[in-house]
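Participant: Here is my input; please provide its structure:
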Amino acid sequence: MRIRCLIRATKYQLLGISIIVLGLGIAVAAVTLWTCFSDDLIVIHNITIETNRYTRFHDLAVYTGLSSSIFLALLGIICLIGIVKESEYLLSVVLFCFAVLFCGVVQLVYWRPTYEQLVENAVKDVYDFLYDDYLRNISSSSRQDLIAIHSAFRCCGKNSTFSHYSSVENETCFTDSAPEMDCLQAVENRITGLMTTIGALTLLVGIVTVYGMILIAFFCFAGCLTEVWYKKGKYSVASSSEHQS
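Facilitator: Predicted coordinates for the structure are as follows:
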């Protein structure tokens, strides 16, 4: 009787886990689309210079995020169907997918600080190139790109609060008052905020993944060792007369 109650409680928890995984898939898709269509990041992405390494990082993040969201959504749906039908095959697939997802989460946690620094440096390199190019050549294309960056990030120049404005700030910034920070600091804050959001989602996915693996392992093995598994959800206690017969 006790094992049957545990299996029933595990089943209900797995139903909740499947819904949470489905919700995480939607959340990852929302963050990915927000990143994809964010005005400030799109401005950097659309700057056509040979040294713009951020374009590759941006496209990789979008494709990875959308793929991960689809994977999570499908995993949640398969888990939900497998629990409702108590299918050994579907639950085995879910357990394998959870294991793959856990490996991906570990890799992302390990590499996230490195990728954060790479992305931040890539965006700063783009701004430094445009800034220096405009100082040397007074290029109209660089001017338009700088104006777009200053408007999107709401910043102005480099170290603008600690030094006098140069020609770059005077001709590409259109603010009535001095900005609170320079553009390099604004870029750093923006990337840090984005990576913090990704880190929080990664941590949540990792916790749900580990807990889901434990529940599915218990549900499968406990079900296989009892008659409950073969009753397909009929958790009724047999009468004493049935036992005597």
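Participant: Show me the helices in the chain, by range?
Facilitator: Taking DSSP state H as the criterion, the chain carries its helices at 2-36, 39-45, 54-85, 88-137, 140-153, 167-172, 183-224, 240-244.
Participant: Worst mean pLDDT among those helices?
Facilitator: With a mean of 47, helix 240-244 has the lowest mean pLDDT of the helices of the chain.
Participant: just to revisit the earlier point, with mean neighbour count as new columns, can the helices of the chain be given to me in JSON lines?
Facilitator: Every residue, glycine included, has its C-beta placed from N, CA and C. Output for the helices of the chain, formatted as JSON lines (neighbours: other Cβ atoms under 10 Å):
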{"stretch": "helix 2-36", "mean neighbour count": "16"}
{"stretch": "helix 39-45", "mean neighbour count": "18"}
{"stretch": "helix 54-85", "mean neighbour count": "18"}
{"stretch": "helix 88-137", "mean neighbour count": "16"}
{"stretch": "helix 140-153", "mean neighbour count": "19"}
{"stretch": "helix 167-172", "mean neighbour count": "17"}
{"stretch": "helix 183-224", "mean neighbour count": "17"}
{"stretch": "helix 240-244", "mean neighbour count": "7"}
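Participant: Skip the chain neighbours and tell me the closest residue to residue 148.
Facilitator: Spatial nearest neighbour of residue 148, chain neighbours left out: residue 43 (4.8 Å); criterion: Cβ to Cβ, 6 or more residues apart in numbering.
Participant: Residue 11 and residue 82 touch, don't they?
Facilitator: No - contact criterion Cβ atoms under 8 Å: residue 11 and residue 82 do not qualify, at 10.6 Å.
Participant: Distance of the residue nearest to residue 148 relative to residue 56?
Facilitator: Plainly put, residue 43 is 16 Å away from residue 56 if you go by Cβ to Cβ, to the nearest Å.
Participant: correct me, but residue 217 touches residue 95?
Facilitator: Yes - using Cβ under 8 Å, residue 217 is in contact with residue 95, at 6.8 Å.
Participant: wait, the residue nearest to residue 148 sits on residue 152?
Facilitator: Yes - with contact defined as Cβ under 8 Å, residue 43 counts as touching residue 152 (4.5 Å).
Participant: my read: residue 20 touches residue 208, true?
Facilitator: Yes - counting by Cβ under 8 Å, residue 20 does reach residue 208; the two are 5.6 Å apart.
Participant: Identify the contacts common to the two.
Facilitator: With contacts defined as Cβ atoms under 8 Å, 6 or more residues apart in numbering, no residue is shared by residue 20 and residue 208.
Participant: and residue 38, backbone torsions?
Facilitator: Per-residue torsions, residue 38: phi -70, psi 130 (degrees, to the nearest 10).
Participant: Identify the residues contacting residue 201.
Facilitator: Applying Cβ under 8 Å, 6+ apart, the residues near residue 201 are 24, 27-28, 31.
Participant: An error on my part: the question was meant for residue 53.
Facilitator: Residue 53 touches 122, 125, counting by Cβ under 8 Å, 6+ apart.
Participant: For it, give its distance to residue 44.
Facilitator: To residue 44, residue 53 is 10 Å away according to Cβ to Cβ.
Participant: One more: residue 88?
Facilitator: 49 Å.
Participant: Next: residue 170.
Facilitator: For residue 170 relative to residue 44 (Cβ to Cβ), the value is 23 Å.
Participant: cool, and residue 111?
Facilitator: Residue 111 is 21 Å from residue 44, by Cβ to Cβ.
Participant: try residue 38
Facilitator: Remark: distance between residue 38 and residue 44 (Cβ to Cβ) = 10 Å.
Participant: Right, I'll leave it there.
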